[in-house]
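Engineer: All I have is the shape, not the residue letters:
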């Protein structure tokens with residue numbers, strides 16, 4: 001989908017009360033880049049990055065549940081930050097229940113989260129390109145965990161079918 005068309009879709013949902021945009025895709029697909037661009041274009045968006053809340057390298061499913069249970073809570077939206085170096089949660093971050101929200105990360109689009117979202121975007125990229133991007137970005141910190149994380153992604157995709165739940169699919 002061309003950038004202008006995506007921009008129109010995003011602008012349209014931002015007119016809704018408590019707009020929620022979900023951006024999902026496998027690791028290295030370009031989700032973070034797209035999310036940063038959308039926030040730059042629409043500064044009213046509150047951004048929640050799942051990388052900041054996954055509870056460790058085995059936490060994809062828990063992170064996805066956290067989105068539904070806490071981030072998308074209609075009364076008191078919030079999220080618990082994860083300290084990757086310490087391997088422990090650190091502090092809660094409160095979100096405005098009235099401001100539009102963009103949730104970005106693997107596991108953002110699940111059946112439960114999609115039911116609460118205004119727009120769901122799936123970013124698709126070739127596996128070799130994704131791996132190269134992810135390892136270029138995160139280097140030695142990610143490489144020993146690539147296969148472990150990829151297995152969680154595959155299980156999540158099989159269980160939740162986020163690409164099928166998306167309103168928009170962007171092929172990089």
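Structural biologist: Ah, there it is. Bear in mind that the values here come from a model prediction, so they are computed numbers and not experimental data. Residues are numbered from 1 along each chain as shown.
Engineer: what domains does the record give for the chain?
Structural biologist: Using automatic domain parsing, the domain parsing of the chain gives 1-47, 50-99.
Engineer: Next, format these as JSON lines and append mean neighbour count.
Structural biologist: Just so you know, the C-beta spots here come from the backbone N, C-alpha and C atoms, and that holds for glycine as well. Converted to JSON lines, these look like this (neighbours: other C-beta atoms under 10 Å):
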{"stretch": "domain 1-47", "mean neighbour count": "17"}
{"stretch": "domain 50-99", "mean neighbour count": "15"}
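Engineer: and those domains, which one's lowest on average pLDDT?
Structural biologist: For these, mean pLDDT drops lowest on domain 1-47, to a mean of 89.
Engineer: quick one: that one to chain centroid distance?
Structural biologist: With C-alpha atoms, centre = their mean, to the nearest Å as the basis, domain 1-47 stands 11 Å off its chain's centre.
Engineer: quick revisit: nearest to residue 157 among the domains of the chain would be which one?
Structural biologist: Nearest of the domains of the chain to residue 157, taken as C-beta to C-beta: domain 1-47 at 7.8 Å.
Engineer: re the thing from before, would you reformat the domains of the chain as JSON lines and include distance to residue 158?
Structural biologist: Converted to JSON lines, those look like this (distance: least, C-beta to C-beta, whole Å):
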{"stretch": "domain 1-47", "distance to residue 158": "13"}
{"stretch": "domain 50-99", "distance to residue 158": "12"}
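Engineer: and residue 122, which of these is closest to it?
Structural biologist: It is, among the domains of the chain and with distance given as C-beta to C-beta, domain 1-47, at 5.6 Å.
Engineer: follow-up on the earlier one: go through the domains of the chain and name the closest to residue 166.
Structural biologist: Closest to residue 166 of these is domain 1-47 (C-beta to C-beta; 7.3 Å).
Engineer: Counting by contacts, list what the longest helix along the chain packs against.
Structural biologist: Assignment by DSSP state H gives helix 146-160 as the longest helix of the chain. Helix 146-160 sits against helix 60-66, helix 127-138, with contacts defined as 3 or more C-beta pairs under 8 Å, 6 or more residues apart in numbering; DSSP states H and E.
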